[in-house]
Every structure is written in C-alpha cells, then in structure tokens.
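A.B. asks: A predicted structure for the sequence below; I have some questions about it.
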Amino acid sequence: MLTVPRHGCLDSGGLIGLNRRVCLSAERFNRTAQSTESIAAIRMIKLQDVTVVYPGGRTALSHVSLQVQKGEFAFVVGPTGSGKSTLLKLLYHEEIPASGKVVVDGRDVATLRPRDVPFLRRRMGIVFQDFGLLPAKTVFENVAFGLRVIGAGRREIRRKVPEALRMVDLVHRCDAFPNQLSGGEQQRVAIARAVVNTPPLLLADEPTGNLDPDTSMGIVESLLKINEESGTTILVATHDTQIVDRARKRVIALEAGSLTRDELEGTYGLAVVNS
C-alpha cells in the first residue's frame, strides 16, 4: 500500500492505478460538485453556525459563521489555541463539526462518505509549517510526487512541474535535494507541490512558523503570486504579525474559538486611529 506524507499532498487512499470502480466514484463526486456550482457560483467556503468540541469537552470553535469567495486571499489570525488550525481541518474533513454546516466548493463536507474524502482533498492543496519533503528526492521529484500519487502520466508531469516551480521562483533549483535548500526554499517547494495539480483552494497552516521575517515575507509573496496569476482561493492561518500587516488582505480573527473580527484589507491587530 502506498503511504503518502500528510504535508502538501494528503493521503489519497492509494490512488495510483485506480480501478474502474474508484474512477466511477470520482466521476460521481465531481458531478455532484458541478451540480451545486450554480447555487453558489462565486463562493468557495461557507461556515454556518459551526461548533467543534474536542474529546473532554473543550470547545475549539463556537458558532462560527463566515464566507470566502472564489479567488479570495484571506488570513486567519489569533493566538495559539484560538481555533485557526481547527477551522482549516474542517475544510479538508480532518475534523467534523458538532453542529453547523461546512460547505467547500458547493459540497457539504461534514456529510461526505469516507470513500469520497480523498476526492475532496484532490481538489485542494495543503501546506504545513513543517515542510515534509522527501529527503532522497530532488526538488523536481518532490513536486512531481503530488501528481504521481493521483496517477498522472509523464507528459503531464513534465508540463506541470516546471510551471509550479516557476510560480515559486525555483525552476533553477529543480535538481537540488532538500538538504541543499534553505528553509524558505524548502517551504516554496512544499507550496509548489501543493499547487502542481492546480487546485481551486489552497490552505496554509502556519507556513512561516519556522522562518525568519524576511524569508516569511517571501513565502507570502509566493502565495500572493499564485492567487493573482491562477485565481486560487487561499486561506492562511498564522500568528505572524508582520506578514499580515504588510500584505493588507482580508483578516479573519479568532479568539478562544469565537470569530471576533472579519476585516477587508486588515491588519493583525485592531488598527489604531489617531485623533
């Protein structure tokens, strides 16, 4: 059985060599998603009165409602334990709400059958704080892995991998191995791997957590470039004040599991107005 690292490209259930039955399942999943697009043609994410309660009774999210439009770039901010990662996990069916509705690209994620979850995850890219690169493979091979795991052929790989590396300005490092890269370069490889299949949604969970300030801003610039050039909807969970303040994109603020602020062209904290 194929084991896939959770970083950048989630477990696809061993999708290489799909048999006919699984192919038909994917077709049904896609048809259902397409049939709901007319209902919310420009909406990528909708959370409606969502509450998440962890074992032991701790409330991770409490009655959160928000919408993110297709092609939008937004930061989810807040201190450790505020619910940022939980919110992202809801979107790729890693967590299930105790109540409320979670809709991603027209699909009610919380009601998905287990066999449909891999197909949901194929429609999004995921980037984590720890890069999760395969140490014995080159940059090109690491990015190509995200395609091979879904059964892509050599021609598609040769076409898509250089384009993904171009988006993160790493074409010149395609033959390097992870231990020859800086931390920022490794994270950009992880981003390239997450977007190589041109997903409509990219989720980044603390992507700059291990990086210095200048390198962190470079990562955000790569994400902004992807958003602007491909129209990918991007949601970034972070507690990095600098990147949020400099980017001036939408800011969704959480505190103790509650939505406390939703601001267009916002900053990490509340802006101070001089009288």
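C.D. replies: Cool, the structure landed. Remember, predicted model here, so these are calculated numbers, not experimental data.
A.B. asks: what about Thr233, distance to Leu203?
C.D. replies: 9 Å (Cβ to Cβ, to the nearest Å). Using the backbone N, CA and C atoms, a C-beta is placed for each residue, glycine as well.
A.B. asks: just Pro135 next, same as before
C.D. replies: Pro135 is 24 Å from Leu203, by Cβ to Cβ.
A.B. asks: give me the more crowded residue out of the two.
C.D. replies: Counted by other Cβ atoms under 10 Å, Pro135 and Leu203 do not tie: Leu203 has more neighbours, with 25 against 8.
A.B. asks: show me what the one helix or strand the more buried one maps to is packed up against.
C.D. replies: Using DSSP states H and E, Leu203 falls within strand 201-205. When contacts are defined as 3 or more Cβ pairs under 8 Å, 6 or more residues apart in numbering; DSSP states H and E, strand 201-205 packs onto helix 84-91, strand 124-127, helix 183-195, helix 213-230, strand 233-238.
A.B. asks: and the helix or strand following the last one, which residues are buried?
C.D. replies: Going back to what we said before, that points to strand 233-238. Remark: after strand 233-238, the chain's next helix or strand is helix 241-247, criterion DSSP H and E. For helix 241-247, a neighbour-count test (16 or more other Cβ atoms under 10 Å) marks 243-244, 247 as buried.
A.B. asks: which is the succeeding secondary structure element to helix 241-247?
C.D. replies: Counting by DSSP H and E, what follows helix 241-247 is strand 250-255.
A.B. asks: which positions within that next one qualify as buried?
C.D. replies: With burial defined by 16+ other Cβ under 10 Å, the residues of strand 250-255 counted as buried are 250-254.
A.B. asks: do the same with stretch 200-209
C.D. replies: 200-208.
A.B. asks: same check on stretch 63-81?
C.D. replies: 64, 68, 70, 72-78.
A.B. asks: pull the most distant pair out of those residues.
C.D. replies: Lys70 and Gly78 (24.3 Å; Cβ to Cβ).
A.B. asks: chain center to stretch 107-114: distance?
C.D. replies: Taking Cα atoms, centre = their mean, to the nearest Å, one finds stretch 107-114 lying 18 Å from the centre of the chain it belongs to.
A.B. asks: heads up, I number from 683, so please use that
C.D. replies: Shifting the count to begin at 683 puts that one at stretch 789-796.
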